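Peer 1: okay, predicted coordinates and the sequence, questions at the end:
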Amino acid sequence: MREKAISQREIRDLLNELATKLMQDIASWEDVVFIGVRSGGVLVARNIVKLIEERAGKRIPLGTLDIGLYRDDLSKRLFYPEVRRTDIPFSVEGKRVVLIDDVLNTGRSVRAAIDHIVDLGRPRRIYLMVLFDRGGRELPIQPDFVGRQVDIPEEKVLKLEAGKDETTIRDVILSGVKK
């Protein structure tokens, strides 16, 4: 069973709030890069970068990170994850990285993403931005920027669906059983 969890207007408002908070905390964009975690984090990152570019009048580097091989549960899964391409067309060395994911829960995906980023170089700082924080940490990881705290049953999944342009967030769906 799938149910729509949030309206497009609410999504737009959350994205605008996140971009505003980030712009209040970061004065200069010279050494800032954005990295979205595949796949929902990339969708959020594209929207945030677009909003910041419009407001700052500056081009912002954006990369895509696949954490499939960095997960700590690979040996426990019945199937292997689909490994997709990581595309980081810039150096992270000495940069301030804004790491973006759609949903933060246990912290394990963020840990995998940080491990992958550090394998690419040594950033000066990593900020964590998430659209939704559902709690339930298993690791001591906390976001710097949160769109909304959500309280949903542990067995449910919160998933973003992209529009045809692969940038617009068409829907946020609450469904299924968590794997």
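Peer 2: Received, thanks. In this text the structure is predicted, and so the values were computed from the model without any measurement.
Peer 1: low-confidence regions, the protein specifically.
Peer 2: Scanning the chain for pLDDT under 70 picks out 1-5, 71-83, 177-179.
Peer 1: helices of that one, start to end?
Peer 2: With DSSP state H as the criterion, the chain has helices at 8-25, 40-56, 108-120.
Peer 1: nearest to Gly147, out of those helices?
Peer 2: Closest of the helices of the chain to Gly147 is helix 8-25, at 3.9 Å (criterion: CB to CB). Yep, even glycine has a C-beta here, placed from its N, CA and C like the rest.
Peer 1: show me which residues of the closest one are buried.
Peer 2: Going by neighbour count (16 or more other CB atoms under 10 Å), the buried part of helix 8-25 is 11, 14-15, 18-19, 22.
Peer 1: give me the helices and strands touching it, please.
Peer 2: Under the contact definition 3 or more CB pairs under 8 Å, 6 or more residues apart in numbering; DSSP states H and E, helix 8-25 sits against helix 40-56, strand 125-133, strand 145-149, strand 169-175.
Peer 1: and His116, how close does it get to Val32?
Peer 2: From His116 across to Val32, the span is 19 Å (CB to CB, to the nearest Å).
Peer 1: ok, so of the buried residues of helix 8-25, who is nearest Val49?
Peer 2: The closest of the buried residues of helix 8-25 to Val49 turns out to be Ala19 (CB to CB; 8.9 Å).
Peer 1: next up, the contacts around the nearest residue to the closest one once chain neighbours are set aside.
Peer 2: Leaving aside its sequence neighbours, Ala19 sits nearest to Leu51 (CB to CB, 6 or more residues apart in numbering; 4.0 Å). Leu51 sits next to 15-16, 19 when contact means CB atoms under 8 Å, 6 or more residues apart in numbering.
Peer 1: cool, and Asp133?
Peer 2: So Asp133 contacts 103-104, 143, 146, 148-150 (CB under 8 Å, 6+ apart).
Peer 1: repeat for Ile60
Peer 2: Ile60 sits in contact with 29, 32-34, 49, 52-53, where contact means CB under 8 Å, 6+ apart.
Peer 1: what sits against the residue most central in space within the chain?
Peer 2: In the chain, the centroid-proximal residue (CA atoms, centre = their mean) is Asp101; its distance is 1.4 Å. Asp101 makes contacts with 36-37, 40-41, 44, 109-110, 113, 128-131, as judged by CB under 8 Å, 6+ apart.
Peer 1: same list, the helices of the chain, but as a markdown table with distance to Lys156 please.
Peer 2: Listed next are the helices of the chain as a markdown table, based on distance: least, CB to CB, whole Å:
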| stretch | distance to Lys156 |
| --- | --- |
| helix 8-25 | 18 |
| helix 40-56 | 15 |
| helix 108-120 | 17 |
